[in-house]
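K.L.:
next come a sequence and a model predicted from it.
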Amino acid sequence: METDQLKLYSLSQAAKAMSIGRDSLRALIADGKIGYITVGNSKKIPYQELLRFQRENTIHKAEPKDEKIFSEQDFNKFFNKTAKQKSGSMNGNKILEKIMKKG
C-alpha cells in the first residue's frame, strides 16, 4: 500500500492540490461533495477522497453546444428586413439611368 493512500490533507493543502480556494473547498464540503475526517479539532481530507472527487467530476466528452435556433418568424423577419434594405439600394440599371440623366 502506498503511503499517499493514507495521507491526510489540511484544508489549505487540499485546496492548493485542487487549485481552488479554501472557501470553494469549504463549500464543496458543506454541500457533501467532498468528505472529510476530523482529527482533533481539524478537518482533514483523505487523499483517496480527492481522487474520488476528481474521478467523479472529470468530463470525458464535450457537451453539445447550445445552438441558436431561429423560429420561422425570426427567419422571415431577418430576410424581409434584408430584402427591404436591398430594395432601397441602387442596382446597375438605376446607376446608369442617373448617369445618363446628368449627361
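P.N.:
Everything's here; your move. Residues are numbered from 1 along each chain as shown.
K.L.:
look up how far residue 98 lies from residue 92.
P.N.:
11 Å (CB to CB, to the nearest Å). For the C-beta atoms, the positions are set from N, CA and C on the backbone; glycine is no exception.
K.L.:
tell me where this protein has strands.
P.N.:
Remark: strands assigned in the chain by DSSP state E are 8-9, 37-39, 42-46.
K.L.:
in the last one, which residues are buried?
P.N.:
To tie it back to what came earlier, the one meant is strand 42-46. 43-46 (16 or more other CB atoms under 10 Å).
K.L.:
now pLDDT and distance to residue 32 too, for the residues you listed, in CSV please.
P.N.:
Below are these laid out as CSV (pLDDT from 0 to 100; distance: CB to CB, whole Å):
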residue, pLDDT, distance to residue 32
43, 95, 13
44, 97, 17
45, 96, 13
46, 96, 15
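K.L.:
so where is the chain shaky, pLDDT-wise?
P.N.:
Scanning the chain with the threshold set as pLDDT under 70 gives 1-3, 63-68, 70, 81-91, 102-103.
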